[in-house]
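[1] next come a sequence and a model predicted from it.
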Amino acid sequence: MNKKISIIGIIFNLLLFILVLYTKNISILLFLSAIYIIPALINAISFIMTKTMQNIFVLPLITTIFYIVFSYFFMRQPNFIAFVSDNSKSIGDLSIQINDNLLAIGPITFVFLLNIASIYLSKKISRREQYVER
C-alpha cells in the first residue's frame, strides 16, 4: 500500500509537470498551482494515507527533483521569456514577478521546504485527529 500511494503521487506529479510544460498559454494561477500547491497537497495526502516516516524526506526530494527537471525544460521553451514578461505585474506598491531563473537555489529550496512543511502539517493534523478520537 505504501509503495502504491507513493507511485501514484509520483505519476501524478509527472503528469502535472508535463501538462504545464506543453501548455502554450498558461495562466499564472495555474502555473503556481501546478508547481507549488498541487505537488505539496499530493505529498500531504500521500503521507496521510501511508503514515510512514520515511516519506517525510523521500516525497519532498522526489518532488524537488521533478521541479528541477521541469524547470530545466520549461526555461528552454521558446515562449518562456514572453511568459515571464506577460505574467509580471505591478500595481502601485504591489508587484508580482516570476523569477527568470527557476533553477536558482532560492526557488529549489522553497519547493523542498514547502513540501516538507505540507507533510509536517498533515502529520500534526492527523495526530490531532487521533488524539481527539480517543
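    That came in fine, so what should we check first?
[2] run through the chain and note the low-pLDDT ranges.
    By pLDDT under 70, the weakly predicted segments of the chain are 1-2, 4-6, 24, 53-55, 129-134.
[3] helices of that one, start to end?
    2-21, 28-32, 38-50, 55-75, 80-86, 105-133 (DSSP state H).
[4] mind giving me the packing neighbours of the fifth one?
    So that's helix 80-86. Using 3 or more C-beta pairs under 8 Å, 6 or more residues apart in numbering; DSSP states H and E as the contact test, no helix or strand touches helix 80-86. (Each C-beta comes from the backbone N, C-alpha and C, glycine too.)
[5] returning to that earlier point: what about the helices of the chain, which gets the closest to Leu94?
    helix 28-32 (13.8 Å; C-beta to C-beta).
[6] what's in contact with the closest one?
    Val20, Thr23, Asn87, Ile96, Ile98 (C-beta atoms under 8 Å, 6 or more residues apart in numbering).
[7] with just CA atoms, put it into CSV.
    Only the C-alpha atoms of helix 28-32 are listed here, as CSV (Å, rounded to 0.1, in the frame of the first residue of the first chain):
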residue,chain,number,x,y,z
ILE,A,28,0.0,32.5,-13.6
LEU,A,29,-2.5,30.9,-11.1
LEU,A,30,-2.4,27.6,-12.9
PHE,A,31,1.4,27.7,-13.2
LEU,A,32,1.8,28.4,-9.5
